[in-house]
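Student: following is a predicted model, sequence given first.
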Amino acid sequence: MLNIKNLHVTVDDKEILKGLDLTVNAGEVHAIMGPNGSGKSTLANVLAGREGYTITKGSIDYEGKDLSGMAPEVRAREGIFLAFQYPVEIPGVNNIYMLKAAVNAKREYIGEPPLDAVEFLNLVKEKVKLVKLKEELLNRSVNEGFSGGEKKRNEIFQMAVLEPRLAILDETDSGLDIDALKIVAEGVNSLRNRDRAIILVTHYQRLLNYIVPDQVHVLFDGRIIKSGHRELALKLEEKGYDWVKSEAAA
Amino acid sequence: MSDTAVNHYVSELHRLQKEMGCDNLARLREAAIGRFQSQGFPSTRQENWKYTDVRPLTRMPFSLPETGMVADHEAWLNEARLPGLDCHELVFVNGRFSAELSRTDGLPEYVVLKNLAVALEEDRTLIESLIGEDNADSNPFNTLNTAFILDGVLLSVPTDCIIDIPVHLIYLSGFSDEGFAAHPRNIIALEANASVTVIENYVGADNSRYFTNTVTDAFLQENSSLTHYKLQQEGRGSYHIGNFNILQAASSRVYSHSISLGGSLVRNDIHAELKAEGAEIALQGLYMGTGKQHIDNHTRIDHLSPSTQSRENYRGVLNDQARGVFNGKVVVHKDAQKTDAAQSNANLLLSDFAEVDTKPELEIYADDVKCSHGTTVGQLDQDMLFYLRSRAIDEETARSILTYAFAEEIITQIDLQPVREYLEYRVIGRLPDADLIKEFTV
């Protein structure tokens, strides 16, 4: 589904990704781990199409399409979803209508008729249970006055409604207490299926206790320097990153 | 340079005086034009006019309009009317009152609501006592308006009288081949404990050049309350200069909403004097400019007595090559201890060529006061934009949604639902993807 080859990305003329390779197949969950500043969030943002990230070399192939130069909204319509590390508050913009516009923009793109108000609300009612988000929050401005945990749950709720093919969760676990983490993880697990791929960008192994990945990658200095299974994450937690670094340097 | 223009207005006035014959207010007009002659039109060398050059307005010899009805007034009235609003309605066409189009029945006893041309006949003493006060310092356009005092509204609300149904003043302009100037004068006098809502709605045709020079004087006695809306939707080729002068007695309250959408060169002045303890004023404003529009908002609040309060919140949205000006001056006089004043102005620039000059000014001569002001000028928030786009919403729609959300903050402050809904519709109508955005509003 996703095939990244030798990806080099600069931000403000500074090279952040320095030849990253990653292949993710449908149905798989990949965890990207790594110390601060290794390029984890850059990878998430590049995949979602944020401005200010320049691909200087390499390629990103998603479902046979070249992602570079594709507008963020087109990526979203093609099935890419980014759960933000810091979901922004947008005063004056209604959460639920934003989501309805999002759903219908996707449907229009793939040639399906728009959902009417009733159909959409039924969909919302069904999905909102997944992350135990209070329904009254939905009628507020986007993320305005939400607690940190509510913002993260709102991201997963949006993911549930938008049903992406490829979801990138950028440090969705950060700032969550253990109860909120469990709720978010359960939500994500319920969205796992064989057509959908998920990339978990995370700092901590903790999340992976609840969402068990198929593969774990260590991102360091802009490249993936080690890949393995779940045990790799446990070892990282126990021993830190230094041993991987020296192994890679050897 | 503007001597010719000044002389033009002097000779226009003399023509008017002859036409009016032995008019009661001849002396008032004569005195005012004399003051105007010595003031002249303001120039950008004057601090208060630094960012607004009125020369385009002086280059055109605007004459008083021909009186008479226009053919398509019904369509224009429908533009101006606020759906769902039960109101007393006075309609002016090119500055002159139309009894035929107006309806003011069912007002409480002793309330005076009439057009000024009639009031000048019937209530001359009251009017002279109220507006005799404008002095040599006042804004030249204010003086010019006094010189051409002819029509407008007199609204006088007696003690303890609360008028529930808003008064809607509609000014339709631009139905004339020649450029004309209208100088409507509105006088609102509220006795103690009186309360009223007044909507001034200026609507004009885009394809004609005209000059609206309006003045509203509000006099609030003790514990009275005025809610005032000014909807400025003049034609795109027009000039609009407005002065709103407010005098407030103890514990009186003014809630002002000024929405400026139309006109090519626009200047809105509000000058409030909080003359006695406990007087409060809240000013809300929204200005939206596109093309080459120039919209200037000047406010001045004088805190003259202790425990007076002012709140001010203006927002501007400027696109294309439009230019906005905000100047908010708050003066806390020596005796005005415990003054509480807060002011904010935020501006959104949607194009690289749009411009705004914002200048909050605080002058404080008392020592026990609470005053704050803040001003921002910015572009659409890139993080918000990206968030919406990452949710499959195209860039143009996302921009419109965020622009609307910015303007909406002022509109949501409007309690009167028909006014709020009318303005939502008007503001959204100025943005791309209007239908879609309507849904997003909180």
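Tutor: That came through fine.

Student: kindly export stretch A:217-229 (C-alpha atoms) in CSV.
Tutor: In CSV, the C-alpha atoms belonging to stretch A:217-229 read as follows (Å, rounded to 0.1, in the frame of the first residue of the first chain):
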residue,chain,number,x,y,z
HIS,A,217,11.0,0.4,13.2
VAL,A,218,13.6,2.5,14.9
LEU,A,219,14.0,5.9,13.3
PHE,A,220,17.2,7.7,14.0
ASP,A,221,18.8,10.7,12.3
GLY,A,222,16.4,10.6,9.4
ARG,A,223,16.7,6.9,8.6
ILE,A,224,15.2,3.6,9.7
ILE,A,225,18.2,1.9,11.3
LYS,A,226,16.5,-1.2,12.7
SER,A,227,13.2,-3.1,12.1
GLY,A,228,11.8,-6.0,14.0
HIS,A,229,8.8,-7.3,15.8
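
Student: off-centre distance for that stretch?
Tutor: Between the mean C-alpha point of stretch A:217-229 and the mean C-alpha point of its chain there is a distance of 17 Å (Cα atoms, centre = their mean, to the nearest Å).

Student: chain B contacts on chain A?
Tutor: With the criterion set to Cβ under 8 Å from any Cβ of the partner chain, chain A comes near chain B through A:48-51, A:71-73, A:75-77, A:81-82, A:84, A:87-88, A:90-94, A:97-103, A:105-106, A:109, A:139-142, A:158, A:162. All C-beta atoms are positioned from the backbone trio N, CA, C, and that covers glycine.

Student: please flag which of those residues sit within strands.
Tutor: Counted as lying in strands by DSSP state E, out of the residues of chain A next to chain B, are A:81-82, A:90-94, A:141-142.

Student: any idea which residue of chain A lies closest to chain B?
Tutor: Per Cβ to the nearest Cβ, the residue of chain A with the smallest distance to chain B is A:Gly92, at 3.0 Å.

Student: host element of the spatially closest residue to that residue that is not a sequence neighbour?
Tutor: Counting by Cβ to Cβ, 6 or more residues apart in numbering or on different chains, A:Gly92 lies nearest to B:Ala405, which is 3.0 Å off, once chain neighbours are set aside. Taking DSSP states H and E as the criterion, the element that holds B:Ala405 is helix B:395-411.

Student: tell me the helix or strand right after that helix.
Tutor: Remark: after helix B:395-411, the chain's next helix or strand is helix B:417-429, criterion DSSP H and E.

Student: assign the residue nearest the centre of chain A to helix, strand or coil.
Tutor: When Cα atoms, centre = their mean is applied to chain A, the residue found nearest the centroid is A:Ile168 (1.7 Å). Using DSSP: H, G, I helix; E, B strand; the rest coil, the secondary structure recorded for A:Ile168 is strand.

Student: and the residue of chain A closest to chain B, how many residues sit next to it?
Tutor: Taking other Cβ atoms under 10 Å in any protein chain shown as the neighbour definition, A:Gly92 ends up with a count of 20.

Student: local confidence estimate at it?
Tutor: On pLDDT, A:Gly92 comes in at 89.

Student: likewise the one 5 residues further on?
Tutor: According to the per-residue confidence, A:Tyr97 scores 88 in pLDDT.

Student: any idea how far it is from B:Ala31?
Tutor: 58 Å (Cβ to Cβ, to the nearest Å).

Student: which one of these two has more residues nearby?
Tutor: It is A:Tyr97, of A:Tyr97 and B:Ala31, that has more neighbours when counted by other Cβ under 10 Å, with 21 against 14.

Student: helix, strand or coil for the closest residue to B:Pro418 other than its chain neighbours?
Tutor: Spatial nearest neighbour of B:Pro418, chain neighbours left out: B:Leu85 (3.8 Å); criterion: Cβ to Cβ, 6+ apart. Under three-state DSSP, B:Leu85 falls in the coil class.

Student: now A:Ser41
Tutor: State at A:Ser41, reduced to three classes by three-state DSSP: helix.

Student: does it touch A:Ile168 like I think?
Tutor: No - using Cβ atoms under 8 Å, A:Ser41 and A:Ile168 do not qualify as a contacting pair, with a distance of 10.1 Å.

Student: got a quick ChimeraX command for the buried subset of the residues of chain A next to chain B?
Tutor: To isolate the buried members of the residues of chain A next to chain B in ChimeraX, using 16 or more other Cβ atoms under 10 Å in any protein chain shown:
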select /A:48,49,50,72,73,75,76,77,81,82,84,87,88,90,91,92,93,94,97,98,99,100,101,102,103,105,106,140,141,142,158,162
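
Student: distance to B:Gly106 added to the ones in strands among the residues of chain A next to chain B, as TSV?
Tutor: Formatted as TSV, these follow (distance: Cβ to Cβ, whole Å):
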residue	distance to B:Gly106
A:Phe81	58
A:Leu82	59
A:Ile90	45
A:Pro91	41
A:Gly92	38
A:Val93	41
A:Asn94	39
A:Ser141	41
A:Val142	45
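
Student: who are the contact partners of residue 185?
Tutor: If you meant another chain, say so; for now it's chain A. Taking Cβ atoms under 8 Å, 6 or more residues apart in numbering or on different chains as the contact definition, A:Ala185 lies against A:207, A:210-211.

Student: sorry, should have said chain B
Tutor: The contact partners of B:Arg185, by Cβ under 8 Å, 6+ apart, come to B:116, B:131, B:145-146, B:149-152, B:214-217.

Student: sort those by pLDDT and name the bottom one.
Tutor: Sorting the contacts of B:Arg185 by confidence puts B:Ile131 at the bottom, with a pLDDT of 77.

Student: nearest residue to A:Pro213 other than its sequence neighbours?
Tutor: For A:Pro213, ignoring the flanking residues on the chain, the nearest one in space by Cβ to Cβ, 6+ apart is A:Ala31 at 4.1 Å.

Student: in a strand, that neighbour, correct?
Tutor: Yes - when the secondary structure is assigned by three-state DSSP, A:Ala31 falls within a strand.

Student: burial measure for it, as a count.
Tutor: A:Ala31 has 24 neighbours, counted by other Cβ under 10 Å.

Student: wait, isn't B:Leu231 in contact with B:Ile259?
Tutor: Yes - the pair formed by B:Leu231 and B:Ile259 meets the contact definition of Cβ under 8 Å, at 5.3 Å.

Student: more neighbours: these two, which one.
Tutor: Neighbours were tallied for B:Leu231 and for B:Ile259 using other Cβ under 10 Å; the higher tally belongs to B:Ile259 (26 against 23).

Student: what's near enough to touch the more buried one?
Tutor: For B:Ile259, the contacting residues are B:229-232, B:285-287, B:410-411, B:423, taking Cβ under 8 Å, 6+ apart as the criterion.

Student: can you pull out the helices in the chain?
Tutor: Because you didn't say which chain, this covers chain A. In order along the chain, chain A carries the following helices (DSSP state H): A:40-48, A:72-77, A:95-109, A:117-128, A:135-138, A:148-162, A:178-190, A:206-210, A:230-239, A:242-249.

Student: oops, I was thinking of chain B
Tutor: Listed from the start of the chain, chain B has helices (DSSP H) covering B:3-20, B:26-39, B:55-58, B:73-80, B:116-122, B:124-131, B:140-147, B:382-390, B:395-411, B:417-429, B:434-440.

Student: tell me which of those helices is the most buried.
Tutor: Mean neighbour count (mean count of other Cβ atoms under 10 Å in any protein chain shown) peaks for helix B:140-147 among the helices of chain B, with a mean of 25.
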